[in-house]
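In: Would you be able to build a 3D model of this:
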Amino acid sequence: MGYVAVMSAVLTWAVGGILVRYLSSYGFHAMTITLLRLFVAWAFTTIFLLLTRRQLFRVRARDLLLFALLAIVGPGAAQPLYILSVTLTTVAVASVLNYTSPVFVMALSRIFLNERITAMKIVALTVTILGLVLVTGVYSVDSPVSLPALVTGVGSGLCYGIYVMLLKRSVVDCEPLVVQWWSMLFGLPLVLAYARPELAIFPENLPPVAYLLILVNGAGPGFLAFILFTWGLGRVQASRASIVATIEPAAATILGYLIFGEKMGMAEVAGVIAVLAGVTLITAGGPREEAARVDAGG
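Out: Take a look at the predicted model:
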């Protein structure tokens, strides 16, 4: 069920990309959308805890440091670096650079979580990265990637990799709802600082559907997806979960084709198939590798 939860979260994030497209059409800046999603998700979590599990607000002091670190490397670093990378290069290049995160997760999980780097993981990661290159069309970019774009793009991947590692560590002792509420609380001031210039030009005379989209974006990709991903991460290896997460751009490509009629040629189709093949390898191979490890006494 862990893989099902992670994949459900990733697919919800892919739907979030569609919601962002619609909100952008109303004049919302990317950082404003990020702030609104984080705030709405935090509000949903607060209401849910107050109504059902108020005792979860009480946590150990040592856990607060972990939650603060999650906020710093997640909303405070990974997201802004990705957005900055998009402004310095194309969305395709920024997406591929951002999805170097499984490489960092695999290396860090070997050091800090004692997760083995197996041939199956390497093959699955290689196939999914190849798929991402085809899906995003980054191979057709004519101009070279600038150093600032490379640093910010890979930096976002590194920060997200660290974020996944810290998240994996947090679910050992804390419930996903607790992790979500506290990390979002610490993250809100950071994202607010980034979004403050854009708030001065907040869109006016918005129709009711725009406010509905804001709520749905916070409730789905913000609240539900984080719960699903955190819950699933507590049940599968961090390195495997990060590879499964690469299905998001492929899912977004399919949704873009179905909803917006965006181009989806043979290269994009091949990329989607490659990503799905890599994810299938890692999810199907996981139980067999774990069983072999137990039989070997490792």
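In: from here on, contacts and neighbour counts on C-alpha atoms
Out: Noted.
In: just the helices in this structure please.
Out: Ranges of helices within the chain are 2-25, 30-52, 61-73, 79-88, 91-98, 101-112, 119-136, 147-170, 176-199, 208-217, 225-233, 238-244, 247-255, 266-295, based on DSSP state H.
In: Let me know which of the ones you listed is tucked in deepest.
Out: Ranked by mean neighbour count, these are led by helix 238-244 with a mean of 26 (mean count of other Cα atoms under 10 Å).
In: ok, residue 256 - contacts?
Out: Counting by Cα atoms under 8 Å, 6 or more residues apart in numbering, residue 256 makes contact with 18, 262.
In: do you know how far it is from residue 173?
Out: When distance is defined by Cα to Cα, to the nearest Å, residue 256 is 39 Å away from residue 173.
In: and what of residue 271?
Out: In this view, residue 271 and residue 173 are 38 Å apart by Cα to Cα.
In: quick one: residue 177 and residue 228 touch, right?
Out: No. In this structure residue 177 lies outside contact range of residue 228 using Cα atoms under 8 Å: 10.1 Å.
In: Let me know the distance separating residue 86 from residue 231.
Out: According to Cα to Cα, residue 86 and residue 231 sit 30 Å apart.
In: sorry, back to before: let me have the helices of the chain in a markdown table, adding mean pLDDT as columns.
Out: As requested, the helices of the chain are exported to a markdown table (pLDDT from 0 to 100):
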| stretch | mean pLDDT |
| --- | --- |
| helix 2-25 | 92 |
| helix 30-52 | 92 |
| helix 61-73 | 91 |
| helix 79-88 | 88 |
| helix 91-98 | 86 |
| helix 101-112 | 92 |
| helix 119-136 | 91 |
| helix 147-170 | 92 |
| helix 176-199 | 91 |
| helix 208-217 | 96 |
| helix 225-233 | 92 |
| helix 238-244 | 92 |
| helix 247-255 | 88 |
| helix 266-295 | 75 |
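In: mind listing what the nearest residue to residue 12 once chain neighbours are set aside touches?
Out: Residue nearest to residue 12 in three dimensions, not counting chain neighbours: residue 221, with 5.5 Å by Cα to Cα, 6 or more residues apart in numbering. By Cα under 8 Å, 6+ apart, the contact list for residue 221 reads 9, 12, 13, 15, 16, 37.
In: ok, 6 Å please
Out: By Cα atoms under 6 Å, 6 or more residues apart in numbering, residue 221 lies in contact with 12, 13, 16.
In: quick one: the last one from residue 234, how far?
Out: Residue 16 sits 23 Å away from residue 234, taking Cα to Cα as the criterion.
In: Could you do the first one as well?
Out: When distance is defined by Cα to Cα, residue 12 is 19 Å away from residue 234.
In: Tell me the spatial nearest neighbour of residue 148, not counting adjacent residues.
Out: Here the nearest residue to residue 148 in space, its sequence neighbours aside, is residue 88; by Cα to Cα, 6+ apart that works out to 7.3 Å.
In: and what of residue 93?
Out: Counting by Cα to Cα, 6+ apart, the nearest residue to residue 93 once its immediate chain neighbours are dropped is residue 138, at 5.5 Å.
In: cool, and residue 110?
Out: Spatial nearest neighbour of residue 110, excluding adjacent residues (Cα to Cα, 6+ apart): residue 116 at 5.9 Å.
In: Just read off the phi/psi values of the one you found.
Out: Residue 116 has phi and psi values of phi -70, psi 140 when expressed as degrees, to the nearest 10.
In: Per-residue pLDDT of it, please?
Out: Among the per-residue scores, residue 116 holds a pLDDT of 90.
In: residues near it, how many?
Out: 16 (other Cα atoms under 10 Å).
In: repeat for residue 203
Out: Here the neighbour count serves as a burial measure; for residue 203 (other Cα under 10 Å) it reads 12.
In: which residue packs closest to it, ignoring adjacent ones?
Out: Closest residue to residue 203 in three dimensions, ignoring its sequence neighbours and counting by Cα to Cα, 6+ apart: residue 27, at 5.8 Å.
In: For the one you found, give its distance to residue 13.
Out: Going from residue 27 to residue 13 by Cα to Cα gives 21 Å.
In: Mind listing residues that contact stretch 69-79?
Out: Residues from elsewhere that reach stretch 69-79 (Cα under 6 Å, 6+ apart): 156, 159, 160, 163, 183, 186, 187, 190.
In: nope, stretch 231-245 is what I meant
Out: For stretch 231-245, the external contacting residues (Cα under 6 Å, 6+ apart) are 2, 5, 6, 10, 102, 105, 106, 171, 279.
In: Nearest to residue 121 among these?
Out: When these are compared for distance to residue 121, the smallest value, 8.6 Å, is given by residue 106; criterion: Cα to Cα.
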